[in-house]
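Enquirer: here are the coordinates; sequence isn't available:
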């Protein structure tokens, strides 16, 4: 995929509330997430008898988010409307990807993501969700802040975070060492529509009823 589509970096060290062309803006008038939807892609073949054969085509889902803005101020000191509009225009609607910080789903602690073999230097950072004794794991898209990484109980300081949550160590972790990380992550998304509808309530006050975007895969 051409790099033009992608965020300019994958490790964000600034506060997500600060305007950043790579990160979806946090605005005062934003309500709670209206919707958050994981979506799978399943192929189903149905025989004449009614029996089905199902095939899972994705190893992990795409997430769709929807936010709304009860108030968008259009004032020199609080240009919320301009900030949101500019961010949408800079990403050309569905064209260019950006990073989204979900306030309620962004942290891992002691998350296992691999086992050293003494040769491999690159791994994929991940996050897990548990239901009883079963665990679902998926890769993270990007990292917020510098993560803490361990090989068993020993911290590792020399590494770089690359595209879509990949991590590369300066030297390969020793064989049998369990790799874990603690830190915050973000989702890589694109807008679901090429149009942005904005509604004026009164002078200098606008609203936006529902802006949706969906995670992408590399």
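Expert: The structure has been received and is ready for your questions. Everything quoted here is computed from the prediction, not taken from an experiment.

Enquirer: and the longest strand belonging to the chain, what does it pack onto?
Expert: Longest strand in the chain, counting residues (DSSP state E): strand 178-191. With contacts taken as 3 or more Cβ pairs under 8 Å, 6 or more residues apart in numbering; DSSP states H and E, strand 178-191 sits against strand 62-73, strand 98-100, strand 107-115, strand 142-151, strand 205-215. Glycine gets a C-beta too; all of them are placed from N, C-alpha and C.

Enquirer: so what's the nearest residue to residue 28 once chain neighbours are set aside up against?
Expert: Excluding the flanking residues, the one nearest residue 28 by Cβ to Cβ, 6 or more residues apart in numbering is residue 80, at 6.5 Å. Remark: with contacts taken as Cβ atoms under 8 Å, 6 or more residues apart in numbering, residue 80 is in contact with 27-29, 69, 71-74.

Enquirer: just give me the residue right at the centre of the protein.
Expert: The geometric centre of the chain, computed from its C-alpha atoms, lies nearest to residue 187 (Cα atoms, centre = their mean), at 0.2 Å.

Enquirer: and the helices and strands packed on strand 178-191: which comes nearest residue 183?
Expert: Among the helices and strands packed on strand 178-191, strand 142-151 comes nearest to residue 183, with 3.3 Å by Cβ to Cβ.

Enquirer: tell me the buried residues in whichever helix or strand comes after the closest one?
Expert: Next along the chain after strand 142-151, taking DSSP states H and E as the criterion, comes strand 154-156. Neighbour-count burial for strand 154-156, with 16 or more other Cβ atoms under 10 Å as criterion, is recorded at residue 156.
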